[in-house]
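**Student:** next input, structure requested:
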Amino acid sequence: MKAALLEQLGSLTVREVADPEVGPYGALCQMLYGATCTGTDLHLIEGRVDWAITAAPTIIGHESIGRVIDVGNKVRNLKVGDMVTRVGAPPAADGSYSSTWGGFAELGVACDHWAMKEDGVAEDQWSGATVNQIIPAEFDPRACTMMTTWRETLSYITRMGLATGNRVLILGSGGVGLAFAAHAANLGAVRVAMCGSAARKEVAKRAGVTDFYDYKADGVGWIIASMCPEGFDIVIDAVGSQETIDLALFNVMQGGSVGIYGIDEMGKTTVDPDKARAEFTEFDGGYDEAETHERVVGFMQTGKLDAGIWLDLDTTYPLDEINAAFDAVRNRQCVKALVKLSDG
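**Tutor:** This next block holds a predicted model:
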């Protein structure tokens, strides 16, 4: 099969690798589509983070959809024809390459973690596979590439305690920031403000943003504060720079919550309470994709989550042209790009 491997910084190499080996609880999948992730994929390609890479060369990608084409003899909850989220290619059996989620490949493996749990298999052998969830058959697999982002961010903002009537401020207008905004609107926030790139203002409004601020505006922190002097119940930094963290602290209300989700300057920033105008809680409760899968499915079925806000569903890049997909994201031609992984 073909796969996109990170072998050296700056770009991916698409080449032939061994077909995956499937164990008794595994389901071999033909990979359909994958979406680019600016936050993780581009950071990895450009060498801006190394915490996620196991060992280069490595197959990257974590927003891919696969269709089951064969199952192991202990699989009970997945069947041929099922579409599954977060499928990826495993590392090479001979150790010649690793897998950093492995989503950009022609074939991948899903795991029947339900059966493994029922059979008493040690939790550390299946807990990481709970991201593999079954998708309704009528769903468009192109749109379903958004489910990773949607599930992560819905879990995160729900755990932060978002309640109907809250005021929410999102820092960053990329795919993740837009997802947080959409969830805030869907969950009943009375005000959804965003500070981001002026070029994203209209798409942000489509996602549910009520107030948009250009991050390049002079004194943008004071501008936001003047428009919402009482502060925001929930502030999420979807960028993760020192500048955006300080901006988050300056605009959180008394007793509010700040979440730092972005990774732009991970390990190089500090949260200084003196930068805040009120007492606040720093959220560190993480997220769990599996816990929000069914809720995301419901939002998709009712039209409350529209992949067309993030993706041009009619424009796809073949796996061989995956670097062009990332170039389109770098050049801000799109929020996220779709990669067609196989001819399935």
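**Student:** which ones are touching Gly103?
**Tutor:** Contact analysis of Gly103 by C-beta atoms under 8 Å, 6 or more residues apart in numbering lists 31, 34, 59-64, 86-89. Using the backbone N, CA and C atoms, a C-beta is placed for each residue, glycine as well.
**Student:** now it: closest residue in space that isn't a chain neighbour?
**Tutor:** Leaving aside its sequence neighbours, Gly103 sits nearest to Gly61 (C-beta to C-beta, 6 or more residues apart in numbering; 2.9 Å).
**Student:** per-residue confidence for the one you found?
**Tutor:** What the model reports for Gly61 is a pLDDT of 97.
**Student:** and Trp150, what helix or strand is that in?
**Tutor:** helix 147-159 (DSSP states H and E).
**Student:** kindly report the same for Leu32.
**Tutor:** Short version, using DSSP H and E: Leu32 is in strand 26-35.
**Student:** following that strand, which helix or strand comes up?
**Tutor:** helix 43-45.
**Student:** that next one: what's the following helix or strand?
**Tutor:** Using DSSP H and E, the first helix or strand after helix 43-45 is strand 58-59.
**Student:** just checking, what packs against the strand holding Leu32?
**Tutor:** strand 64-71, strand 83-85, strand 107-111, helix 141-144, strand 338-340 (3 or more C-beta pairs under 8 Å, 6 or more residues apart in numbering; DSSP states H and E).
**Student:** I'd like to know how far Ala18 sits from Ile223.
**Tutor:** From Ala18 over to Ile223 the distance is 55 Å, taken as C-beta to C-beta, to the nearest Å.
**Student:** and what of Lys74?
**Tutor:** In terms of C-beta to C-beta, Lys74 sits 58 Å off from Ile223.
**Student:** apart from its neighbours in sequence, what residue is nearest His62?
**Tutor:** Trp101 (3.7 Å).
**Student:** now do the same for the one you found: helix, strand or coil?
**Tutor:** Classification of Trp101 by DSSP: H, G, I helix; E, B strand; the rest coil places it in coil.
**Student:** who's the closest spatial neighbour of the residue nearest the centre of the chain, skipping the chain neighbours?
**Tutor:** Taking C-alpha atoms, centre = their mean, the centroid of the chain lies closest to Thr149, which sits 3.0 Å from it. Distance criterion C-beta to C-beta, 6+ apart; nearest residue to Thr149, sequence neighbours excluded, is Ala179 at 5.1 Å.
**Student:** could you confirm the one you found falls within a helix?
**Tutor:** Yes: Ala179 forms part of a helix when assessed by three-state DSSP.
**Student:** distance check, it against Ala163.
**Tutor:** If you go by C-beta to C-beta, the gap between Ala179 and Ala163 works out to 19 Å.
**Student:** equivalent analysis for Val22, please.
**Tutor:** Val22 is 44 Å from Ala163, by C-beta to C-beta.
**Student:** settle it for me: which of these two has more neighbours?
**Tutor:** Val22 (19 against 11; other C-beta atoms under 10 Å).
**Student:** wasn't the more buried one part of a strand?
**Tutor:** No: counting by three-state DSSP, one finds Val22 to be coil, located in no strand.
**Student:** got a pLDDT number for the residue nearest to it when sequence neighbours are not counted?
**Tutor:** In space, and not counting its chain neighbours, Val22 is closest to Leu28: 4.8 Å by C-beta to C-beta, 6+ apart. As predicted, Leu28 sits at a pLDDT of 98.
**Student:** lowest average confidence, helix or strand, in the protein?
**Tutor:** helix 43-45 (a mean of 90; mean pLDDT, DSSP states H and E).
**Student:** how far out from the middle of the chain is that helix?
**Tutor:** Taking C-alpha atoms, centre = their mean, to the nearest Å, one finds the center of helix 43-45 at 14 Å from the center of the full chain.
**Student:** what does that helix contact?
**Tutor:** 6, 9-12, 49, 52-53, 60, 100, 263-264, 326.
**Student:** so what's the nearest residue to Leu178 once chain neighbours are set aside up against?
**Tutor:** Residue nearest to Leu178 in three dimensions, not counting chain neighbours: Ala207, with 4.5 Å by C-beta to C-beta, 6+ apart. By C-beta under 8 Å, 6+ apart, the residues touching Ala207 are 178-179, 181-182, 185, 309.
**Student:** list only buried entries from those.
**Tutor:** 178-179, 181-182, 185, 309 (16 or more other C-beta atoms under 10 Å).
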